[in-house]
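*Asks:* Model the following, please.
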Amino acid sequence: MAQKKNTSELQVITDAPTAEANKIVTRYMWYSGGVGLIPVPVVDYVGITALQIKVVDELAKTYGLPFNKEIARSIVSTLLAGAATGSLASGTASLLRSIPIVGGILGFTTISLYAMATTYAIGHIFIQHFEAGGTLLTFNPEKMKAYFDELYTNGREVANSMMKNKPSTEPAAE
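*Replies:* Take a look at the predicted model:
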């Protein structure tokens with residue numbers, strides 16, 4: 001009888017709660033986009049990173065997996081550091097902010113869009129990893145960088161759609 005209960009508990013853990021996971025990612029995309037509007041560069045970066053770690057935490061809970069903040073922080077940092085798109089977005093936003101009035105608005109929009117797209121990429125890379133039976137301990141960010149860049153590109157399209165009030169939380173068609 002105890003063996004059967006164990007199997008039942010295992011089934012709950014391995015069932016993929018994709019719909020709930022997608023809702024979590026979408027919610028945190030909005031949060032990240034809002035934090036991206038904060039006009040203080042260090043504060044927006046710290047806030048966005050904290051939200052991206054929190055999305056990993058909530059996804060781990062959704063999939064019934066243990067969470068370790070330091071491991072998640074390390075993975076998120078590695079993914080973001082390896083993304084050439086992140087460097088480009090940050091540099092562009094800084095340059096845009098130097099243009100009076102219009103530049104500030106465009107810079108904030110660029111950072112907000114970058115925050116939403118990277119949150120999308122982080123969320124969806126972890127959804128796929130967790131659904132495949134992975135954990136934080138088995139995640140290899142070095143092997144996932146190319147896929148992260150692909151998800152970031154999809155995330156930009158989704159974020160643009162969200163900002164234009166055309167809800168789309170699905171990856172862009174390829």
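*Asks:* Just the buried positions in stretch 55-73, please.
*Replies:* Buried residues in stretch 55-73, counted by 16 or more other C-beta atoms under 10 Å: 55-60, 62-63, 65, 67, 71-72. (Glycine included, C-beta is placed from N, CA and C.)
*Asks:* For those residues, which two are the farthest from each other?
*Replies:* Within the buried residues of stretch 55-73, T62 and I71 form the most distant pair, 17.3 Å apart (C-beta to C-beta).
*Asks:* Low-confidence ranges, this protein, go.
*Replies:* 1-16, 82-109, 166-174 (pLDDT under 70).
*Asks:* Next, count neighbours for Y147.
*Replies:* A total of 15 residues lie near Y147 under the criterion other C-beta atoms under 10 Å.
*Asks:* Show the contacting residues for I24.
*Replies:* By C-beta atoms under 8 Å, 6 or more residues apart in numbering, the contact set of I24 is 55, 58-59, 62, 123.
*Asks:* 10 Å instead, please
*Replies:* The contact partners of I24, by C-beta atoms under 10 Å, 6 or more residues apart in numbering, come to 17, 54-59, 61-62, 123, 126-127.
*Asks:* Columns distance to L79 on top of these, output as CSV?
*Replies:* Output for the contacts of I24, formatted as CSV (distance: C-beta to C-beta, whole Å):
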residue, distance to L79
P17, 23
K54, 15
V55, 12
V56, 10
D57, 16
E58, 17
L59, 14
K61, 20
T62, 20
G123, 11
F126, 10
I127, 14
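*Asks:* Packing partners of the helix ranked longest in the chain?
*Replies:* Taking DSSP state H as the criterion, the chain has its longest helix at helix 102-131. Contacts defined by 3 or more C-beta pairs under 10 Å, 6 or more residues apart in numbering; DSSP states H and E place helix 102-131 against helix 18-35, helix 41-62, helix 69-82, helix 84-97, helix 141-163.
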